[in-house]
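[1] sequence? don't have it. structure:
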């Protein structure tokens, strides 16, 4: 167990709706990254939060947004859901200072119908 | 733009075999490289992390090597077991960032038959 927890584990939404996914980072970690993993592919980097600010972003549109809270937990919000947003969403926490390894949660499986 | 490729995409071997999984990356300016294991529908479990200054790391039956200049890493699994069946992913961490903004390969799906 990594100590990184994600909720919910599964979610079904309708196209056009909005969704919020949550991640609690491992104790002592101050950086949270979010990834999207389509079926049969490797994870794709969405964005990273450090000290409550977005610290880097991959090739995802603005309807993917996030937050990090003072306790370093994080949310991923997706607006105007599209069918292609169906994927496993993974969060990873790490300690930025010293650039330690990333620890991943179990993921949230999002299905858009 | 960094691209990571893993070969083969899938591998099926009998129990007990030693095997090698390959990972290549196009930009050698990396900070570190991680190997992960993923069971179906689950999250990622970190197996090994190699810093750019290191040549290899070992953990039990696993050994990962890194040749940064040629853009290659290999994961060696000794005496494979059915419990090793999973998808193995490699990911590189770019040197111009602090924190893990990882670029992943597509993975190698491994099946070890009893």
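    Received it, and whenever you're ready, just let me know what you need. Quantities reported herein were computed from a predicted structural model and do not represent experimental measurements. Numbers count the residues shown, from 1 in each chain, chains lettered A, B, ... in the order given.
[2] Identify the residues contacting residue 38.
    As the question left the chain open, I've gone with chain A. A:44, A:86, A:87 (C-beta atoms under 8 Å, 6 or more residues apart in numbering or on different chains). C-beta here means a position set from N, CA and C on the backbone, and glycine is covered the same way.
[3] nope, chain B
    Residue B:38 makes contacts with B:44, B:45, B:86, B:87, B:88, B:89, B:107, as judged by C-beta under 8 Å, 6+ apart.
[4] and it, how far is that from residue B:23?
    Separation of residue B:38 from residue B:23 (C-beta to C-beta, to the nearest Å) stands at 14 Å.
[5] Could you count how many residues lie near residue 20?
    Just going to use chain A. For residue A:20, the neighbour count with other C-beta atoms under 10 Å in any protein chain shown is 14.
[6] My question was about chain B, not that one.
    Count around residue B:20 with other C-beta under 10 Å applied: 11.
[7] Okay, and the beta partners of it?
    On the basis of DSSP bridges, residue B:20 is bridged to residue B:76.
[8] Ok, the one 10 residues further on next?
    Listed by DSSP bridges, the beta-bridge partners for residue B:30 are residue B:94.
[9] Verify the stated contact: it with residue B:72.
    No: between residue B:30 and residue B:72 there is no contact under C-beta atoms under 8 Å: 11.5 Å.
[10] more neighbours, these two?
    Between residue B:30 and residue B:72, residue B:30 has the larger neighbour count (other C-beta under 10 Å), namely 23 against 15.
[11] Quick check: pLDDT value at the more buried one.
    Residue B:30 carries a pLDDT score of 91 in this model.
[12] Just the closest residue of chain B to chain A, please.
    Here chain B gets closest to chain A at one residue, residue B:104, 3.5 Å apart by C-beta to the nearest C-beta.
[13] Number of residues surrounding the closest residue to that residue other than its chain neighbours?
    Spatial nearest neighbour of residue B:104, chain neighbours left out: residue A:42 (3.5 Å); criterion: C-beta to C-beta, 6 or more residues apart in numbering or on different chains. A count of nearby residues for residue A:42, using other C-beta under 10 Å, gives 22.
[14] which residues of chain B fall in strands?
    All strands of chain B, identified by DSSP state E, fall at B:4-7, B:10-14, B:19-25, B:30-38, B:44-51, B:56-59, B:62-67, B:72-77, B:86-94, B:103-104, B:108-113.
[15] Would you format the contacts of residue A:38 as CSV with distance to chain B, secondary structure and neighbour count included?
    Below are the contacts of residue A:38 laid out as CSV (distance: C-beta to the nearest C-beta, whole Å; DSSP: H, G, I helix; E, B strand; the rest coil; neighbours: other C-beta atoms under 10 Å in any protein chain shown):
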residue, distance to chain B, secondary structure, neighbour count
A:44, 7, strand, 18
A:86, 13, coil, 18
A:87, 12, strand, 20
